[in-house]
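Student: Have a look; sequence and predicted model below, questions after that.
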Amino acid sequence: MKASAQQYRKIEVADLQELLHPPIDSIYILNFWATWCAPCVAELPLFVNAEMQFKDSKIRFFFISLDFKKEYDTKVIPFLLKNLTNSHVLLLGDSNYNNWINLVNPQWQGAIPATFVVSADTTKCKFYEGEFTEKKLFEFLLPLK
Amino acid sequence: MKKLIFLLLSFAISLAVNAQGATAGLKAGDTAIPFKLKNVDGNVVSLNDYANLRGVILVFTCNNCPFSLAYEDRIIALNKKYDIMGFPVIAINSSDSVAYPDESYSKMVIRASDKNFNFPYLLDDSQIIAKAYGAVRTPHVFLLQHSDIGFAVRYDGAIDDNSDDADAVKIKYVENAITEVMRGKLVSQPFTKAIGCTIKWKK
């Protein structure tokens, strides 16, 4: 088992811009979550499972944590090491939310969990605000395959 | 009965508007929807009870969301500062207490007492008021100003620009909006977004 230290990194809004414009032929799934958000934590295992199923596809999953910076060491990183060992986790600590929520999607009101499909092929782009059930997540991801 | 009909009618109108708009709920310029909800002291509080005041800082919040907790002291401070200027705070909890027992009425009573809330903390058990206003997360503020046609929404969004650290706040959205309203100006930033806990809707 490899150390999972590289599995998470801290990002800024500028990095978010990059994530919102994936290379042609790639599809990014951006899941905004936080350890303090119970419905977010509840749906994470569904995503981890889906990520394994889509392993050999063009789809990449990114889990963007909106946790409070002061809880990174005490709460967030221990949670990642236990629950998201093989996933790409990005820690976005910019709490000036009004400055960047619309960059992600003007229709997003800021509630989490929120999940976005981004791609150069805009017909594939979509978003879902709220907690997924297994069935709903399957229906959401299947057309991307 | 008259009031109830008015409430239902207003609600129906707002739904009709929402069906066409990109985002649901009330926005700056809209007429506020009246409500009558049970307070933590057992009494019923109505928006119409405030009809002789200049306005109301309406805050959708809850007992247990870390963002609501991070803002509790700031909400208390808002009431302390603006109650005497005719803009008191009314807080509403619309979260589902069936799936989330920490959001129950009895826990609201405890929270209000522990934190010495200096404003009403109302239970929106049916979630009708949250849906009618278009409250989506907690805390979510609607600044209401009294006008000839009743209360009008002047601002909708976050309290300020830093949930993490009250001392690092640069822009106090709600305070700026109140200042502008009191000077008879249009609110220059009538709408902001923020991350927050989603209101726990009933399934």
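Tutor: Okay, I see it. Numbering: from 1, shown residues only, chains lettered A, B, ... in the order given.
Student: residues making contact with the worst-scoring helix or strand of chain A on mean pLDDT?
Tutor: None of the helices or strands of chain A scores lower by mean pLDDT, DSSP states H and E than strand A:111-112, at a mean of 90. Identification of contacts with strand A:111-112 by Cβ atoms under 8 Å, 6 or more residues apart in numbering or on different chains yields A:32-34, A:37, A:40, A:66, A:129-130, B:136-137, B:195-199. In short, each C-beta sits where N, CA and C put it, glycine included.
Student: are any of those residues buried, and which?
Tutor: Buried subset of the contacts of strand A:111-112 (neighbour count, 16 or more other Cβ atoms under 10 Å in any protein chain shown): A:32-34, A:37, A:40, A:66, A:129, B:136-137, B:195-199.
Student: Which is the succeeding secondary structure element to the longest helix anywhere in chain A?
Tutor: The residue-count maximum for a helix in chain A (DSSP state H) belongs to helix A:38-53. Along the chain past helix A:38-53, the next helix or strand (assigned with DSSP states H and E) turns out to be strand A:59-65.
Student: What mean pLDDT does the next helix-or-strand element following that following strand get?
Tutor: Next along the chain after strand A:59-65, taking DSSP H and E as the criterion, comes helix A:77-83. Mean per-residue pLDDT for helix A:77-83: 94.
Student: Same check on stretch B:55-65?
Tutor: Per-residue scores along stretch B:55-65 average to 96.
Student: hey, C-alpha coordinates of it in PDB?
Tutor: C-alpha atoms of stretch B:55-65 as PDB (Å, rounded to 0.1, in the frame of the first residue of the first chain):
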ATOM      1  CA  GLY B  55     -38.000  46.300   8.400                       C
ATOM      2  CA  VAL B  56     -36.900  42.900   9.400                       C
ATOM      3  CA  ILE B  57     -33.700  40.900   9.100                       C
ATOM      4  CA  LEU B  58     -35.100  37.500   8.300                       C
ATOM      5  CA  VAL B  59     -32.500  34.700   8.800                       C
ATOM      6  CA  PHE B  60     -33.100  31.100   7.800                       C
ATOM      7  CA  THR B  61     -30.900  29.100  10.100                       C
ATOM      8  CA  CYS B  62     -30.800  25.900  12.100                       C
ATOM      9  CA  ASN B  63     -29.500  24.200  15.300                       C
ATOM     10  CA  ASN B  64     -26.700  22.100  14.000                       C
ATOM     11  CA  CYS B  65     -25.100  23.400  10.800                       C
END
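Student: okay, now residue 112: neighbour count?
Tutor: By default, I'm working from chain A. 25 (other Cβ atoms under 10 Å in any protein chain shown).
Student: try chain B instead
Tutor: Residues near B:Ala112, counting by other Cβ under 10 Å: 20.
Student: For it, give me its contacts.
Tutor: B:Val40, B:Tyr121 are the contacts of B:Ala112 under Cβ under 8 Å, 6+ apart.
Student: element containing B:Arg74, please.
Tutor: helix B:66-82.
Student: that older thread, show only the entries of the contacts of strand A:111-112 found in helices.
Tutor: Using DSSP H, the contacts of strand A:111-112 in helices are A:Cys40.
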